[in-house]
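Peer 1: I'll drop the sequence and a predicted model, then ask my questions.
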Amino acid sequence: MTSSESNFPSQEQETDREVANRHDVELMERVGKGDAAAFEELVRIHQRAVVGTVAKMLGNPAEAEDIAQQVFLRVWKSAHRYEPQARFTTWLFTIARNLVFNEVRRRQRKPTVSVDEREESSHHVVEDRHGSSPGEDLLQSELEAAVDRAIESLPEKQRLAVILRRYEEMPYEEIGEILSMSVPAVKSLLFRARTQLRSSLKRYLED
């Protein structure tokens with residue numbers, strides 16, 4: 001397989017996404033009729049992704065939990081009006097985007113996040129480090145913290161695009177819908193973000 005071919009999802013992967021979306025839509029139809037069990041299932045399926053994305057955006061897991069609750073509260077309240085014109089995750093993360101951007105702007109006016117809170121994140125990739133030395137663990141932790149800080153330094157749209165692409169593995173089309181941008185604009189946004197990230201992480205990349 002060529003490198004260009006590997007950038008496209010396989011038919012099986014695309015089918016899995018479609019199956020998952022149909023399940024989400026079916027659950028939302030039940031939620032719209034007041035089915036609390038269906039709502040709990042939706043939360044169970046998507047809570048980790050929502051909390052993780054918000055935590056990466058804000059650098060504060062405690063606030064991420066609060067905002068994720070607001071996201072799902074809006075899902076519950078809006079369920080009777082929900083129409084599956086796009087993927088459920090597109091609609092869900094658009095709600096999250098609005099709440100997160102509002103919080104980012106509020107915090108820019110009144111910074112309240114400590115360094116310790118920024119260095120905690122529920123969206124870290126947990127790796128099996130069995131057999132690794134304490135020095136290697138320390139370097140890995142330092143690199144993860146540096147990546148988090150570099151992502152946090154990005155403008156909010158770039159930051160969200162990077163998080164959705166890197167951690168949620170969303171296609172460009174869905175990121176574009178969430179950010180109300182065209183696919184070429186999303187690719188340009190990500191290119192600028194990656195350029196800035198490479199500059200911020202230059203010391204680690206050279207090492």
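Peer 2: Noted; the coordinates are in hand.
Peer 1: And the helices in the chain?
Peer 2: 11-32, 36-58, 61-78, 88-109, 115-119, 134-152, 156-166, 172-179, 183-200, 202-206 (DSSP state H).
Peer 1: ranking these by mean pLDDT, which is last?
Peer 2: Out of the helices of the chain, helix 115-119 stands lowest, with a mean of 45 (criterion: mean pLDDT).
Peer 1: OK, contacts around the residue nearest the centre of the chain?
Peer 2: For the chain, the residue nearest the mean C-alpha position is Thr53 (3.3 Å; CA atoms, centre = their mean). Residues in contact with Thr53, defined by CB atoms under 8 Å, 6 or more residues apart in numbering, are 93, 96, 100, 123, 160, 163-164, 167-168. Backbone N, C-alpha and C define where each C-beta goes, glycine included.
Peer 1: And it, how far from Ser199?
Peer 2: In this view, Thr53 and Ser199 are 24 Å apart by CB to CB, to the nearest Å.
Peer 1: can you check Arg109 too?
Peer 2: Here Arg109 is placed at a distance of 27 Å from Ser199 (CB to CB).
Peer 1: who's more crowded, the two?
Peer 2: Between Arg109 and Ser199, counted using other CB atoms under 10 Å, Ser199 has the larger neighbour count: 10 against 6.
Peer 1: And the more buried one, how far from Leu205?
Peer 2: Separation of Ser199 from Leu205 (CB to CB): 10 Å.
Peer 1: Over to Arg44?
Peer 2: Going from Arg44 to Leu205 by CB to CB gives 38 Å.
Peer 1: do Arg48 as well
Peer 2: Separation of Arg48 from Leu205 (CB to CB): 29 Å.
Peer 1: how close does the closest residue to Ala86 other than its chain neighbours sit to Val183?
Peer 2: In this structure, Ala86 finds its nearest non-sequential neighbour in Glu177, 5.7 Å apart by CB to CB, 6 or more residues apart in numbering. Distance of Glu177 to Val183, given as CB to CB: 10 Å.
Peer 1: what do you get for Ile163?
Peer 2: For Ile163, the distance to Val183 - CB to CB - is 18 Å.
Peer 1: Which one's more surrounded, those two?
Peer 2: Counting neighbours by other CB under 10 Å for Ile163 and for Val183 shows that Ile163 has the greater number, 23 against 14.
Peer 1: Would you agree that one is in contact with Lys56?
Peer 2: Yes: if you go by CB atoms under 8 Å, Ile163 and Lys56 touch, sitting 4.7 Å apart.
Peer 1: Only the buried residues of stretch 64-77, if you could.
Peer 2: Across stretch 64-77, burial judged by 16 or more other CB atoms under 10 Å covers 64, 67-68, 71-72, 75.
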